[in-house]
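Enquirer: Task: produce atomic coordinates for the following.
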Amino acid sequence: MRTPAATDRLDKAAADGPIRATFRKDPPMKLYRFLTGPDDAAFCHRVSAALNNGWQLAGSPALTFDPVRGCVICGQPVVKDVEGVDYTPDIKLGEW
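Expert: Numbering: from 1, shown residues only. This next block holds a predicted model:
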């Protein structure tokens, strides 16, 4: 049930003419990176730095063993939405 004040506001709005949605927001640019590196503290710091710069985790990490280097290699996908910028292939993902 509407209160009398709410009904008065609706009646006034109807008397002023149709209500139109006049806003349009372009979708944000979506960026994707796949961070890779040896499974060490430096890799964890790279992922932490990306998270603190607005990137978000986008799935599970991946691990594989590199027999040539003798170490485990990590991979972590991250994504970021950027407002007001159009995507172009020359964008340097690491700068965002």
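Enquirer: Cys74 reaches Phe65, doesn't it?
Expert: No. The criterion here is CB atoms under 8 Å, and Cys74 misses it with Phe65 at 11.1 Å. Quick note: C-beta positions are derived from backbone N, CA and C, even for glycine.
Enquirer: of the two, who's got more company?
Expert: The neighbour count for Cys74 versus Phe65, taken as other CB atoms under 10 Å, is higher for Cys74 (19 against 10).
Enquirer: Can you tell me the strand partners of the helix or strand where the more buried one lies and which way each runs?
Expert: Using DSSP states H and E, Cys74 falls within strand 71-82. In the sheet, strand 71-82 lines up against strand 29-38 (antiparallel), strand 56-57 (antiparallel), strand 62-66 (antiparallel) (DSSP bridges).
Enquirer: so where's the chain shaky on pLDDT?
Expert: Confidence mapping of the chain against pLDDT under 70 gives the ranges 1-24.
Enquirer: nearest spatial neighbour of Val82, skipping sequence neighbours?
Expert: Nearest residue to Val82, sequence neighbours excluded (CB to CB, 6 or more residues apart in numbering): Met29, at 4.5 Å.
Enquirer: Show the contacting residues for the one you found.
Expert: For Met29, the contact set (CB atoms under 8 Å, 6 or more residues apart in numbering) comprises Asp81, Val82, Glu83, Val85, Asp86, Tyr87.
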